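Asks: sequence first, then the predicted structure:
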Amino acid sequence: MKIILVILLFLFGYSSYAYAYIGPGIGLGALISVVGVLLAIIFLLIALVWFPLKRYFRKKIDKKANNNKND
């Protein structure tokens, strides 16, 4: 029980001010990281949709070209 009390006091009961300066570099770095991850996810989704569609349309065009050659 004492350990739980100590942990709760440590997590929630103790607060002090940290007089620290976080410069604009860390914010810009975090922003660029978030944008990079979002762009990677967007490009992944585009690739997962685009390449199968491209393959489908290419087969359809090739099939149409082969039918025109045979006529």
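Replies: Thanks, I have the structure now. This is a predicted model, so every value here is computed, not measured.
Asks: in which helix or strand does K60 reside?
Replies: Using DSSP states H and E, K60 maps to helix 24-70.
Asks: return the distance of that helix from the chain's centre.
Replies: Centre-to-centre, helix 24-70 and its host chain are 15 Å apart (CA atoms, centre = their mean, to the nearest Å).
Asks: same for it, what does it pack against?
Replies: Using 3 or more CB pairs under 8 Å, 6 or more residues apart in numbering; DSSP states H and E as the contact test, no helix or strand touches helix 24-70. The C-beta positions use only the backbone N, C-alpha and C, and glycine is treated the same way.
Asks: now that helix: average pLDDT?
Replies: For helix 24-70, the mean pLDDT works out to 88.
Asks: neighbours of A30, just the number please.
Replies: Using other CB atoms under 10 Å, A30 is surrounded by 10 other residues.
Asks: for P24, see how far away it is.
Replies: Distance of A30 to P24, given as CB to CB, to the nearest Å: 11 Å.
Asks: what of L38?
Replies: Note on L38: its distance to P24, by CB to CB, is 21 Å.
Asks: next one: L39
Replies: On the measure of CB to CB, L39 and P24 end up 22 Å apart.
Asks: neighbour-wise, which of the two wins?
Replies: Neighbour comparison, L39 and P24: the larger count goes to L39, with 10 against 7 (by other CB under 10 Å).
Asks: for L5, give its distance to G27.
Replies: The gap separating L5 from G27 is 37 Å, by CB to CB.
Asks: go on, L48?
Replies: Distance from L48 to G27, by CB to CB: 32 Å.
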